[in-house]
Structure formats: C-alpha cells, structure tokens
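> need coordinates for the following:
(2 chains)
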Amino acid sequence: MIRNYFKVAWRNLWKNKLFSIINILGLGLAIPFALLSLMQVQSAYEYDNFHPYPDRTYRIITDVTDNVGGKIKYALSPQTVAEQLKQDYPSIEKAIFVVREFGWELNNRIKTLDVNSIYVEPAFFDVFGFKLASGTAPVEPNSLVLTEEKALAFFGTTEAVGKVLTHPGYGDFTVTGVLKPYKRNTHLRSDVMVSMATYNKFSKDTALTSLNGFTYVLLKPTANKANLDAALTAVAAKINTKSIVNATKENLTFREQAITSVAPDFDDLRGNSYVESILDLAVNFGFALALLLLAGFNYVNLTLARSLSRAKEVGVRKVAGALRHQLVGQFICEAVLVALLSLALGFIVLKLMEQFSYVNWFTWKVDNQFVLWGTFIIFSIFIGALAGAIPARILSRFQPAKVLKGTIAPSTFGRMGLRNSLVVIQFVASSCFIFVMATFYNQFRYMATDNDNFNRKHIYNVSVKGDYRLLQQDLTANKNIERIGLVSTAFGGTTAQAAIKKNKQEQNKEASYYAANAEFISNMQLQFIAGNNLPASNGDSVSNFVVVNEQLLTTLGLGTPQEAVGKTILLNNDREVIINGVVKNFCYYIYQFATNPLVLQYNPSQFHLLSIKTKTEVDDAVFKSEIAAVWKKYHPHEELAFSNYQKEMYDRYFPGRDMKFMGMFCVVVLIIALMGLLGIVTYHTEKRVKEIGIRKVMGASVPVIVKELSKSFVKLIIIAAGIGLPVGYAICYFFISLFAYSPGVNLLMLCILFCCIFSIALITIAYKAIYAAIANPVKSLRTE
Amino acid sequence: MLLELKNMFKWVTVGGNRIFLLKDINLQVQEGEFISIMGPSGSGKSTLLNVIGMLDGFDEGEYNFLHESVHKLKEKQRAQLYKQYIGFVFQQYHLIDELTVYENIETPLLYQDVKSSERKAMVADMLDRFNIVGKKDLFPSQLSGGQQQLVGIARALIAKPKLILADEPTGNLNSRQGEEIMELFTQLNKEGVTIIQVTHSEKNAAYAGRTIHLLDGRIEKHINN
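Okay, the predicted model is just below:
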C-alpha cells in the first residue's frame, strides 16, 4: 500500500513539474536553515567530548546565596577552591583554575588582532585534550601559547615559538608554543592560552570569595563523586566562615558538573561563556521554524489551489472502496516525499552555504553523522506530515457523487481575508528584511571604502622598530613615493590615550593621542578649519605644537576654532602644548562611537609606522619588492611588515561572509513570499476558469482579462508597499542610528529595491493571469 | 432479492422550495437481473444510480441491500458494503491518469487488503479475459475510448461484485465500440452479475431484461423486454 502511495505520489510530482519544483524549492530553501539549527542543537550536546578523562573530570560551579535568601547560580568559582582541593583532599588528583579575560588584543607591530584569551596553569594540558604542536606550555609570566590559526594570522607561519606579541596593557608576551587544531565545540575555546603566572602578576582582585574563574578537578581513578561532594562541602564551609569574618554576607555552595554535561546549559548559569543555553538554542530554532512554517503554508496553499485536478482521483478511489484515512495517508505520503526531496536539495544548499559563506558563529560539523542524519530525516518526515495534513484532510473530504458529476470548486482553508493578509505579511516581512540587509550592506561598504574621514587611497604602511631615519631617507629616493608620514599607529585601530586639561586647576579629560608628523597629516588629508598643520620637523625632540579636533575644543571649552588656535593646553599633566591647528571631527576609531577629543603631536620616540603615500596607483607586489630591497639593507634578519592601507581597511570592515549568508536568507524569504503569492493567484484563476471562458466567448480580449484577474493582487502588493516602505525605513533608520558615522539610510535605494520586489511579484501575477486568459474557452465551458 | 427501495424521496431546498430529485421510488431488484434506466435529462437517472451505489444519500424512505438496511448504516459500514458488492462503470471512464492499466485494475483490491500474490493472479486473469494483456503497462491517455472503457469495466469487476452500476457506459463511444460493451454486459449478466445501467439509447436499453422509465424524479413505467 505504502509503495503504491509513493508510486502515485512520484508520478504526480513528475507530471506537475512546475508545481513540484516550486514546492521542493520552497521547502528546500527553508530547510537548510532548520538543519543548521538542528546541527547547533546536536553540537551543543557534543561539547567537550575530546578530553582524556571524561568520567573523572568535573567543573565546580557556585551557588551564591545572599543574606536575604536570593540564590544566583554561577559557572564560576573563587581561585582558592582549586588550591584547597589540591592540597587537602587525597581523592583529588588534580585541581586547576582557569580564568577567561575578554577584550584582549595583541599586535606584532603591523597587525592588531582581537584574540580570545584564557589564563591556564601548566596542569591544564594534562587534564584537557588540548595538545601542543610545538613548544611547551606557558609557565613564566608574560608567556602564552596560541592556535595555529592565529600563528598564521600574525606571523604567516605556524613556527611561532619564541616570537613576541604585544598586549597594550600587559606589555610583551613570548610565544612558548603553538596549539594543535582542536575541536571548536568546547567552552574553553580560545585563541591564546596565557600563563596563570601572568594573571597572578596583574590581577588586583584577591578577595577570597571573588568568582574570578573556572575550577576543574580530575578525580583519582579510585575516588568517586561522593568524595568530591564531601570535599566541596568542607571547602565551602571553610570559605564561608572566613567570609563572615570579612563581613561579606554571601554564602557559597559548590556543586560539581561532569565535563561532558557542561553544555547545553539548562541552569542559565552566569559567566558561562561559550556554552549555549537551552533558551538560545530554542530561539535560534524558532527562527528557522518560522521560516519553515511560511514555506509549509505555501505548500498547503499551492496544493489546495490545485485540488481540482486531484478531485477526480479522490472520487474514483473512493468509488473503488478507499476509506478516508487511506486517502489521508496517500496525501501525507505525497507531502512526505516532497519533504524528503526538499531535504536532499536542502542538504546540497546547506553544503553550498558552508562553502560560500562560512559564517563562523555557526557550527558546520558534528561528530555523530548517524544521529545527525537520523534527526534530519525524522524532522523532514515530520515537516512533510505537518504540511500534508491540512490538504489531506480537505482533499479526502470530497464527495465522489459531486466530484464525478464535476460540480465542485477548488477547495481552500481559512478565510480569504486571512490568506490575503498572510501574503501581505510575507511581502512586508521580506521587503523589510531586504531593506535592512541593504542598509547594512551600504554601511559596511561605507566603512570599508570610505575616504571622507581620512584618506586611505595610495597609502602603504610599513612597520618600523628603533631607528627609522635611514630607511625613511633611502625610501624618499623611490620615484613612486610622494610623501612619507610618520605615526604611532594607523587610524582605524585602537588609539593611545592621553590626559588633557585647560590648565592645572581643572580635572583631566581623556583624549586620543597619536604621535604624528606633518607629512602624516597631509597624507590623511585631514580638513583644517583653523590654523595650520604641525610645523615640519626632523628633530629628535618632542614638539610643543599639536593639532587637535573640534571635539577637543568643545570638551575643554576653548571657544571657536579660530579663537582656539594659539591657546595652550596641558597634556598628561606635565607638558604645556600650543594648538597649532584644528581639524574637522572625523572618525579615526570605530564608526559606532561618537568622536573623542584628539591630539596629534610630533613625538619621534613613539613613531612605529611609516605611512607612505605613492604618487599614483602602483602594483602592490612590485612596490613591496622595491621597499623590501631597501628594508633588507637596514634589517637583514627581519621580515618587512608591509600593507596596503586601503585593502587592510576593506578586509577589516567588510564582513563578506556574514553578508553573503544574510543575502541568502533574504533571497529565501523573498522566494517564499513569491510562492505564497503564486499559490493564491493560482487558486483564484482556477476558480474563475469558467468565468473567464464565458467572458472570452462574450468577446473579452486577453489584456482585459489579464487586467481583471490581476487587479486584486496588485492591490495586495500595493498594500504591502504602503506598509513595507515606511516600516522598513523606520527599522533601517533605527539600525543606522547605532552608527555615529554613516552615510544614512538611502531612501532611493530602498525605493529601487521595492520596485524590484514589486516587479517580480507583478511578473508572477501576470504569468498566471496570462496563462489563464489565453486558454481556449471551449475547454473550460464544456461539461460532460 | 438483491436490493429494494421503498418510498424513497430525495430533494434539495432552493430558495425555501423543495425541489424533488427522486419522488416516491419503489424498486426491487433480484439477483441476476439486467435493468436499464431511461429518461430525459434531469429526470433523476444518475441520482438514482448514485443512491443505489451508496455514493449519495436520500431524505426519506428505505433502502435494503442484501437484507442490510442501508439508511441505518454508518458511513464506514456503507463503504464496506459497497466496496464488497458493487462495481461502478462511468461514461467518462474515470481511470486514474497517473496509474497504468494494470494498476488501475488493481486499485479496488488494494483497498480490500487482498494479498499481493493474489492480486497479481486476479489482475492477470482479468487482463486475459479482456484481451488487454499487451496494454497493461500503458497509461489511460495512451488508449482509445473503447479500450479505456474496457479497463473501467475490468476495474469494476476485479473485486467480483454482485452488482455493476453503469452510468451511460457507451455514451462516449462510437456505435461499434458501444455494441461490444453491451455484448460484454450481456455475457457478464449470463454469468450471474446483476447489472443496472443508465442509458439514452433505446437500442442499448433493449439488451436489458427490463427498462425503468423515469420522469421528473418518479418512475413513470416499467417495461419488460
């Protein structure tokens, strides 16, 4: 029986290729997003499954009860727990402490990269499955190991042992080892693992009960959980008595968590970074499900719109003795077949998505393929059954006597108003979505290519250490070079800070500080609104003249730019400097933030970068080799650190992968909306086939009929436009206002986009309407 | 007695007025009979046939089929009854376009949970009998009207029904094909199958043992041929 169902289903799909393609495409485009979130769920359960002693490794988590009885659960614990467990309890083989610190960035003079960091003890590498590819674990203060990926990013090679990276606050770090690539699905995910000695050196928070990090224990093979529980109770009691003495009123209790059940987080623990809570997973899945629901709704709509062609079959089968549940089974089989085909397509789409838009905040791989495919298939069958159930119920209701007499209309579900509003909602949602994406694209493009704030064109940055003068002089001989500027760091990255005030009596204010020379300012083409550039200088001493931005005048209350020129301010409490020029406010840091006060000062000891402006467009490789030749003379043992500023900024600001992913999502949402429209138009034209026939016999021309048929749908689309454009504009405006520097919402672009959506919708309508209008009326009017 | 209709009425209400489709029908059909139903368009021939075939209900009266009171049965039991005892033949053949000749004939057996091996034998017999073995893998659209109707009849007969209901079985066929179908019906009747057919043609009606003339939903006259 089932075989027969599938056979008929397959032939039906084959016979109505267009509809099958539309249905399979619609579901097949929505399914990958659901698959992706299924993968997230599965991978959440496959967290931290690569450690050597999964059955004896535990994380200690803390419940904090305050004096009024409120309880907060933390994933963290105090540093002392590990120390005590290690010293006093024989059942514990190892106890280690790990601290995660956010907001790290490291630079190798040329490149500054954000890195994800944890502090670890040497024993960390015994307890967990992180292996070193080369070098040793970090032990000494200011030493670290890093991942191969970051080693490549910083040094272009994985042979990074012994090299130095600089942290803006903690100084230079020696790389003692490089990690083997490890599975991303671990809550200990990090780019660099820094020695705990570093943490102990810089940390100021030594309070006994501060929850600074994570404690892990490795039990002895002979010990059991009860030993650990007892130890934890004892430790908690000790800490709590001490803390009462210290007058903190909090009461700590510790619990253990097997390392394999750290994720997903059902407890909603605080400080539980890189572990997805069950709620996050649900929300994520909800989005995918909503998309799938829209696609499923279209399946229902389209299937019912075509119900007439199935009616006869239902009649004949009923006459042949089919019971209703058997017919329901058949139609559900058909939907399941569509869903399974969609799964096949969806999987291909998923692979393509992975290939072409590797978005790294998703997990694209799971360990257990068996479970994965099991869930995929069960899920598809479920979706198919769900989408098939409504049409199946309705189609199987046909009365054979009526069907075989030919006196029925295509069936439907819900009220017309409901389905019309669903189509409008689909269009409003998809156009808003597309608007927002386009606006973001616009913003990212602006950030990636902008030359209004400071000039990036024809600029090459060369990182220098120590004495740069000979190199600088030699380079001036290059005929391509127009000007060589000197600066501490390039615009667009992190800035150094300086304290400024009008005079000694006042409070210090914070300002961004760049050591720069006059040529650098010319290179950046900053706009002076008063005064002049820094005086040209080649000396070794710090100059007393500075260039500042407008914001600094506002912050310090120095009056108009013209008045401010020539006034003095106090820099870093000790040096009086004279304002030589005022530049317009511009974005030199992050586009989201409003401008800070800015000071540019000639300060040769802090110059780390040559900002070279070429006269015209030059070939990167050729130019680099020219520079490298000169560089080699002065630094025979060191690699030249060279970058094309324009490209570097583009790479930094343009999130190509994310944009691609979101773009794909846009297309899918739009296609689904179009299918919804197609379904409803098909339903209407099929219902009016007879009317159209009569109109034609009466002498109506094709264009008149097309107009008649399209009228109500065009109205729907216009309503969607009426809602979508203003709502979309408002949403875009909100998002763009998160950026202090932006090109604004491009209304023209939104209108053009909407026209595109509108015309695609029109083509969809016209296609169906023309098809119906040119049909031969004799056929539709013949009754047998 | 195979079936009996007693004082049967069927009506629809249009604008508050009852329009009778069937009016006081009394009819007894013995096993092995061959009956023709005639009458002008709209006289209720097809309605009567559908009611007898349990595809349509009625509003008043009694219907007994093999001593079961059809009007008292539930939908499901009724379906059980007709799928066991009744076969339908239609003017437009009503074959399922997506199925081959073989599968079309097989369909009723699927719904009666006949075993696969048995099904095979039964369908093969039927194909043999109607001389359409060579066409078993063709789809309906690849057959002529006469051949399609043959398949239709084969499908009606496959489950070995006691009663065949035929709604203008020759209406879409040319006269030679029509004659062949009527010969076939006569043959089946001789083998003991009861047949009730609706027809417009005097000539076809004459194949039957008796003819019932309907007019405006009531039986006008019985004629024994």
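> could you list the residues of chain A in contact with chain B?
A:1, A:4, A:7-8, A:11-12, A:15, A:312-313, A:315-323, A:326, A:399-401, A:404-405, A:784 (Cβ under 8 Å from any Cβ of the partner chain). Using the backbone N, CA and C atoms, a C-beta is placed for each residue, glycine as well.
> just the buried residues of these.
By neighbour count, with 16 or more other Cβ atoms under 10 Å in any protein chain shown, these hold A:8, A:11-12, A:312-313, A:315-323, A:326, A:399-401, A:404-405 as buried.
> show me what from chain B comes close to chain A.
So far as Cβ under 8 Å from any Cβ goes, chain B lies against chain A at B:46, B:50, B:53, B:55-56, B:76, B:79, B:82-84, B:88, B:90-92, B:94-99, B:103, B:107-108, B:110-112, B:155, B:159, B:172.
> out of the residues you listed, which are inside helices?
B:46, B:50, B:76, B:79, B:82-84, B:103, B:107-108, B:110-111, B:155 (DSSP state H).
> what's near enough to touch A:Phe287?
Going by Cβ atoms under 8 Å, 6 or more residues apart in numbering or on different chains, A:Phe287 touches A:Phe33, A:Ser37.
> oh, I was asking about A:Ser742
A:Gln443, A:Tyr446, A:Tyr591, A:Ile736.
> check B:Leu150 too.
Here B:Leu150 is in contact with B:Phe130, B:Ile132, B:Ile181, B:Leu184 (Cβ under 8 Å, 6+ apart).
> what residue, apart from its backbone neighbours, is nearest the residue of the stretch 151-300 of chain A found nearest chain B spatially?
Closest residue of the stretch 151-300 of chain A to chain B, Cβ to the nearest Cβ: A:Tyr299 (19.3 Å). Excluding its sequence neighbours, the residue lying closest to A:Tyr299 (Cβ to Cβ, 6 or more residues apart in numbering or on different chains) is A:Ala387, at 4.5 Å.
> these two touch, right, the one you found and A:Ala335?
Yes: A:Ala387 is within contact range of A:Ala335, at 5.1 Å (criterion: Cβ atoms under 8 Å).
> who touches both of the two?
Common neighbours of A:Ala387 and A:Ala335 (Cβ under 8 Å, 6+ apart) are A:Tyr299.
> which secondary element of the chain has the worst mean pLDDT?
Using chain A. Scoring the helices and strands of chain A by mean pLDDT, DSSP states H and E places helix A:777-781 at the bottom, with a mean of 69.
> right idea, wrong chain: chain B
Every helix and strand of chain B was ranked by mean pLDDT, DSSP H and E. The lowest is helix B:75-85, at a mean of 84.
> helix, strand or coil for A:Gly286?
helix (DSSP: H, G, I helix; E, B strand; the rest coil).
> next, find the distance separating it from A:Phe33.
Separation of A:Gly286 from A:Phe33 (Cβ to Cβ, to the nearest Å): 11 Å.
> with neighbour numbers in mind, choose between these two.
A:Phe33 (24 against 11; other Cβ atoms under 10 Å in any protein chain shown).
> secondary structure element holding the more buried one?
In this assignment (DSSP states H and E), A:Phe33 forms part of helix A:17-45.
> and after that helix, which helix or strand comes next?
Past helix A:17-45, the next helix or strand by DSSP H and E is strand A:57-65.
> need the pLDDT of B:Glu33.
For B:Glu33, the model assigns a pLDDT of 93.
> quick one: A:Leu598 and A:Glu550 touch, right?
No: contact criterion Cβ under 8 Å: A:Leu598 and A:Glu550 do not qualify, at 9.2 Å.
> now list whatever residues contact both of the two.
Common contacts of A:Leu598 and A:Glu550, defined by Cβ under 8 Å, 6+ apart, comprise A:Val583.
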